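J.: One predicted model, sequence on top.
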Amino acid sequence: MASTRPGRSCPRHYRYSPAVFARAADLETQSLYIVGGLYGNPFALEAVLDLARRENATLAFNGDFNWFNVDPAEFEGVNEIVLENVALRGNVETEIAGEDSGAGCGCAYPEWVGDAEVERSNEILGRLRDTASAYPELRRRLSVLPMHLVAEIAGLRVGIAHGDAESLAGWQFSQESLRERPERAEALLAGAAIDVFACTHTCLPVMQDFATPRGTALIVNNGAAGMPNFRDTRFGLATRIASAPSAQALYGARLGAAVVEAVPVRYDHDAWMARFDRVWPAGSPASVSYRRRVASGPGYDVEQALRTSSSTGALPRAA
Ligand SMILES: [Fe+2]
């Protein structure tokens, strides 16, 4: 039974059926960047805007573009820019847009995440909620963002959400669950009738293929656009889907007439560290939980993220 403790629960209004993705596409584009987990990093935001501008691509922010941006000016700046683009809400936007429902950060953290970390996330969310309270119009705009989207790119049907195919804060498309319970993910994909499912939320990237009634399907989780995702690295990651490959891609796979790639978000690391330390000094909840990762990445490697069989044609890694 689901826990009801703040930060552990998955509120009922976070849920939807995988069948909601079996609909006509909401948007059709030639090139799409899906940017999850910006976490309020304004330098990463600049970097993704630049990536998209260079190839006239569409940007879709699939939630948690807020997190570390508790400074009022930065809260306003990040949201004003993101909301000029296609955007979905994550648990963070949902929680700061609504009244305090007791869900804490709404992360629905699984058991492998410790209580102290969950408590710190609830404290960060509390700080962000205080900041957001001065911006009722932005909160209103966040509250009406959709939870899911269907895009069509080069004939591929792409489902986009923050968590997984049945919850805004679901962990079933985390790298851990995809390794341990791939059959569950496969069933969710089959019910969604899509070729690619792009998600984020669980903080570590993964790209894994599955056999579905439609043929090979991919789950691609970008980890975080606003934080490093691999050991000893200093860049975020976005998911790119297009008809032609990008020279910037770190890894990717071909699927039908499209490529699905993980593209580095190379932001100004030193500027971001200085900003992070100013807003979240040593001992603060964000510093304790995230500073090591922000500085040099998690204990996770590219080889662990890329899990596609040869049938989808892995692309060579960029030098
Ligand atoms: Fe999230």
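T.: Arrived safely, thanks for sending.
J.: Briefly note if stretch 149-168 comes near the ion.
T.: No - Stretch 149-168 does not reach the ion (Cβ under 5 Å from the ion); its nearest approach is 5.8 Å. Yep, even glycine has a C-beta here, placed from its N, CA and C like the rest.
J.: Renumber starting at 45 from here on
T.: Sounds good: first residue 45 from here, last item stretch 193-212.
J.: Quick one: mean pLDDT over that stretch.
T.: Regarding stretch 193-212, the rounded mean pLDDT is 97.
J.: Please put the alpha-carbon coordinates of that stretch into CSV.
T.: Written as CSV, here are the backbone C-alpha positions of stretch 193-212 (Å, rounded to 0.1, in the frame of the first residue of the first chain):
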residue,chain,number,x,y,z
LEU,A,193,1.7,15.1,-24.4
VAL,A,194,1.9,13.1,-27.7
ALA,A,195,4.2,14.3,-30.4
GLU,A,196,4.8,13.0,-33.9
ILE,A,197,8.3,13.2,-35.4
ALA,A,198,9.4,11.5,-38.6
GLY,A,199,6.4,9.1,-38.3
LEU,A,200,7.2,8.1,-34.7
ARG,A,201,4.6,8.5,-32.0
VAL,A,202,6.3,10.0,-28.9
GLY,A,203,4.7,10.0,-25.5
ILE,A,204,6.0,12.6,-23.1
ALA,A,205,5.4,12.9,-19.4
HIS,A,206,7.4,13.7,-16.3
GLY,A,207,7.3,10.4,-14.5
ASP,A,208,6.0,7.2,-16.2
ALA,A,209,3.1,6.1,-18.3
GLU,A,210,0.6,6.1,-15.4
SER,A,211,1.8,8.7,-12.9
LEU,A,212,3.3,12.2,-13.0
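J.: which parts of it are buried?
T.: Using 16 or more other Cβ atoms under 10 Å as the test for burial, stretch 193-212 gives 193-198, 200-212.
J.: now swap in stretch 56-74 and tell me
T.: Here stretch 56-74 shows Tyr58, Tyr60, Pro62, Val64, Phe65, Thr73 as buried, counting by 16+ other Cβ under 10 Å.
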